[in-house]
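Colleague: need a 3D model of the sequence below.
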Amino acid sequence: MQLKDKILKMLAQAKDASRVLASVSTKNKNRALAAMAQALLKNSRFILLRNAKDVASAKRKGLSKAMIDRLTLTNSRIKDMAEGLRSVAGLKDPVNEVLRQWKRPNGLKIKKVRVPIGVAGIIYESRPNVTSDCAGLCLKSGNSCVLRGGSESIDSNIAIHKVITQDIEKFGIPRSAISMIDITDRKAVEVLLNASEFVDVVIPRGGEGLIKHVTEISKIPVIKHYKGVCHLYVDKFADLKKALEIAFNAKVQRPGVCNAIETLLVHKAVAQKFLPQLYSILRDPGVELRGCQETRKILKNIKTATEKDWYAEYLDLILAIRVVDDVNEAIDFINKYGSAHSDAIVTKNKKAADEFLRRVDSSCVYLNASTRFTDGYQFGMGAEIGISTGKIHARGPMALEELCTYKYVILGTGQIRT
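Modeller: Numbering: from 1, shown residues only. Sure, this is the predicted structure:
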C-alpha cells in the first residue's frame with residue numbers, strides 16, 4: 001500500500017472511531033484510562049528497553065544533554081505517566097456539560113453544550129510521555145487522536161502506544177481512536193496536514209522549526225504550542241532569598257522543557273547584590289551566563305549577550321541576563337522578546353506586581369513563583385496536550401475542556417419563525 005493511502009486509511013478509521021468515542025460513557029472511559037495506567041506499569045521493562053534504543057541513538061547523533069533528558073524514560077517517569085492517566089480518569093467529564101441555558105419569549109429552550117472536537121492530529125518531538133498524556137486526554141474528552149512523534153523517539157512511542165491500546169476495546173473504544181503514525185518519512189506528516197476531511201484540529205508540540213512548518217502547510221486549523229522563551233524579573237522590592245531560589249528552580253530543575261526560564265531581568269537597584277549570589281549558586285550545576293553590558297560590569301567573566309540571545313530558547317543550561325531600570329522596562333522587554341508562554345516577577349510591591357500581571361501579554365504570568373508550574377498536571381488538569389501560546393480557542397495548558405468545542409441544542413414545541 002502506498003504511504004498516502006496507508007495514512008488516509010488510518011485517518012478515516014480515526015474519524016469513524018471519534019463518532020463512537022463521543023458516545024462512550026464516562027464510566028467506561030475511566031475504566032479504560034485505569035487499564036491504560038496499569039498496562040504502563042506492568043510493561044515498564046518493555047518500554048524502558050525500547051527507550052534505551054532511542055537514547056543510545058540520540059547519544060550517537062550528539063544530541064544535547066537537555067534533549068537526551070527529554071527523551072529518557074525511567075521507572076519514576078513511567079509511574080508519573082500512569083499517575084497522569086489516573087488523574088485524568090478522576091477529573092470531571094466535560095462531554096455534554098451544559099455551559100449555559102435559557103428560554104426565549106417564544107418558548108424555545110436553548111442550551112450551549114460542550115462536545116468533543118472530533119479528531120486531533122498531534123505532532124510532537126522528543127518526549128515520549130506525550131504519547132500517553134495526549135492519548136488519555138483525548139480519550140476522556142471524547143476525541144480520537146492521531147499521534148506522530150519525532151524520529152528520535154520512534155521506538156519509545158511505538159512501545160507506549162502498543163501497551164496503552166491493547167485492552168481499550170474491552171470498554172467499547174475502537175483501537176483506531178488512539179492511532180499512531182509509525183512512519184518517520186516526513187511525507188506522512190504532509191498527508192496528515194492536508195486531510196481536512198478527516199482531521200479537525202492539528203496540535204504541534206516541539207521546536208520553532210516544527211511549529212512553523214506545520215503552520216505554513218496545514219490545511220487544518222492549528223493550535224500552536226510555540227517555543228518557551230520564559231522570563232523571570234527580579235524587582236527592586238524583591239525578597240532576594242526567594243528570588244535566588246526561584247531563579248535556580250526555574251533554570252536548573254529541568255532546563256530542557258518549555259517552561260524553564262531562558263532570560264533573567266534584574267532591577268538595577270539590586271543587581272550589584274543579587275547577581276554575584278546568583279553566579280555563585282549557578283556555578284556548580286554548570287549554567288553558562290550571558291549578560292548585557294551592565295551585567296558584565298558586575299560579572300566580568302561571563303559571555304556578552306547578543307540581540308539573538310534575547311530571542312533564544314536554549315532548552316539547556318544557558319541563561320541570558322539583562323539589567324533593567326524598572327518594571328516598565330521589564331514588561332516592554334518581555335512583550336518584545338518573549339514567546340507569550342510563561343513569565344514571572346519576584347516582588348513585595350503590590351503596584352509593581354499588579355502592573356506586571358496586567359500588562360505582560362503571556363498565557364501564564366506569575367508572582368513570586370517559578371515558571372516551572374506551567375503544566376497541566378501542576379494546574380490540576382491531570383495532564384496536558386501542551387501549552388498553547390496563541391489566543392484563539394485555547395491558551396496556556398491545554399487539557400480536557402480545551403479539547404472540546406460546543407454546540408447549541410434547541411428544544412421546541414412546534415415553533416415556527418414568522
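
Colleague: for the rest of this, base every contact and every neighbour count on C-alpha atoms.
Modeller: Noted.

Colleague: the helices in the stretch 51-200 of the chain, which residues?
Modeller: With helices called from DSSP state H, counting those that start in this stretch, the stretch 51-200 of the chain shows them at 65-71, 75-89, 129-140, 154-165, 187-193.

Colleague: possible to save those helices as a markdown table with distance to residue 226, mean pLDDT and mean neighbour count?
Modeller: Shown next, in a markdown table, are these (distance: least, Cα to Cα, whole Å; pLDDT from 0 to 100; neighbours: other Cα atoms under 10 Å):
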| stretch | distance to residue 226 | mean pLDDT | mean neighbour count |
| --- | --- | --- | --- |
| helix 65-71 | 17 | 85 | 19 |
| helix 75-89 | 23 | 95 | 20 |
| helix 129-140 | 16 | 95 | 27 |
| helix 154-165 | 22 | 97 | 23 |
| helix 187-193 | 17 | 95 | 19 |
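
Colleague: nearest to residue 10, of those helices?
Modeller: Residue 10 sits nearest to helix 187-193 of all the helices of the stretch 51-200 of the chain, at 9.9 Å, using Cα to Cα.

Colleague: how about the helix or strand bottoming out on mean pLDDT in the chain as PDB, C-alpha atoms only?
Modeller: Lowest by mean pLDDT, DSSP states H and E among the helices and strands of the chain is helix 65-71, with a mean of 85. Taking Å, rounded to 0.1, in the frame of the first residue of the first chain, the C-alpha atoms of helix 65-71 are listed here in PDB:
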ATOM      1  CA  LYS A  65      22.200  16.600  27.400                       C
ATOM      2  CA  ALA A  66      18.900  18.500  27.700                       C
ATOM      3  CA  MET A  67      17.400  16.800  24.700                       C
ATOM      4  CA  ILE A  68      18.500  13.400  25.900                       C
ATOM      5  CA  ASP A  69      16.900  14.200  29.300                       C
ATOM      6  CA  ARG A  70      13.700  15.000  27.500                       C
ATOM      7  CA  LEU A  71      13.900  11.700  25.600                       C
END
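
Colleague: before we move on, back to that, relative to residue 271, which of the helices of the stretch 51-200 of the chain is closest?
Modeller: That would be helix 65-71 among those, by Cα to Cα, at 28.6 Å.

Colleague: before we move on, back to that, in a markdown table: the helices of the stretch 51-200 of the chain, plus distance to residue 268.
Modeller: Converted to a markdown table, those look like this (distance: least, Cα to Cα, whole Å):
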| stretch | distance to residue 268 |
| --- | --- |
| helix 65-71 | 31 |
| helix 75-89 | 41 |
| helix 129-140 | 41 |
| helix 154-165 | 47 |
| helix 187-193 | 48 |
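
Colleague: show me the one of the ones you listed that comes nearest residue 223.
Modeller: Closest to residue 223 of the helices of the stretch 51-200 of the chain is helix 187-193 (Cα to Cα; 12.8 Å).

Colleague: contact partners of the next helix-or-strand element following that closest one?
Modeller: Downstream of helix 187-193, the next assigned helix or strand under DSSP states H and E is strand 201-205. Residues from elsewhere that reach strand 201-205 (Cα atoms under 8 Å, 6 or more residues apart in numbering): 117, 119-125, 193, 210-211, 214, 220-226, 386.

Colleague: from the contact counts, what lies against the least confident helix or strand of the chain?
Modeller: helix 44-60 (3 or more Cα pairs under 8 Å, 6 or more residues apart in numbering; DSSP states H and E).

Colleague: so for the helix it packs on, mean pLDDT?
Modeller: Mean pLDDT, helix 44-60: 96.

Colleague: what residues of that helix count as buried?
Modeller: Neighbour-count burial for helix 44-60 flags 44, 47-48, 50-52, 54-55, 58 (criterion: 16 or more other Cα atoms under 10 Å).

Colleague: do the same with stretch 263-270
Modeller: Buried-residue list, stretch 263-270, by 16+ other Cα under 10 Å: 263-268, 270.

Colleague: tell me what the longest helix seen in the chain is packed against?
Modeller: The longest helix of the chain (DSSP state H) is helix 3-21. Where contact means 3+ Cα pairs under 8 Å, 6+ apart, helix 3-21 is packed against strand 119-124, strand 144-148, strand 178-180, helix 187-193.

Colleague: next SSE downstream of that helix?
Modeller: Taking DSSP H and E, what comes next after helix 3-21 is helix 26-42.

Colleague: which other helices and strands contact that following helix?
Modeller: helix 75-89, helix 129-140, helix 154-165.

Colleague: in PDB, list the C-alpha atoms belonging to it.
Modeller: Only the C-alpha atoms of helix 26-42 are listed here, as PDB (Å, rounded to 0.1, in the frame of the first residue of the first chain):
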ATOM      1  CA  THR A  26     -17.800   8.300  31.500                       C
ATOM      2  CA  LYS A  27     -17.600   5.100  33.400                       C
ATOM      3  CA  ASN A  28     -16.100   3.100  30.500                       C
ATOM      4  CA  LYS A  29     -13.700   5.900  29.600                       C
ATOM      5  CA  ASN A  30     -12.500   6.000  33.200                       C
ATOM      6  CA  ARG A  31     -12.100   2.200  33.300                       C
ATOM      7  CA  ALA A  32     -10.200   2.300  30.000                       C
ATOM      8  CA  LEU A  33      -7.800   5.000  31.500                       C
ATOM      9  CA  ALA A  34      -7.300   2.900  34.600                       C
ATOM     10  CA  ALA A  35      -6.400  -0.100  32.400                       C
ATOM     11  CA  MET A  36      -4.000   2.000  30.400                       C
ATOM     12  CA  ALA A  37      -2.300   3.200  33.500                       C
ATOM     13  CA  GLN A  38      -1.900  -0.300  34.800                       C
ATOM     14  CA  ALA A  39      -0.600  -1.500  31.500                       C
ATOM     15  CA  LEU A  40       2.200   1.100  31.600                       C
ATOM     16  CA  LEU A  41       3.300  -0.100  35.000                       C
ATOM     17  CA  LYS A  42       3.000  -3.800  34.100                       C
END
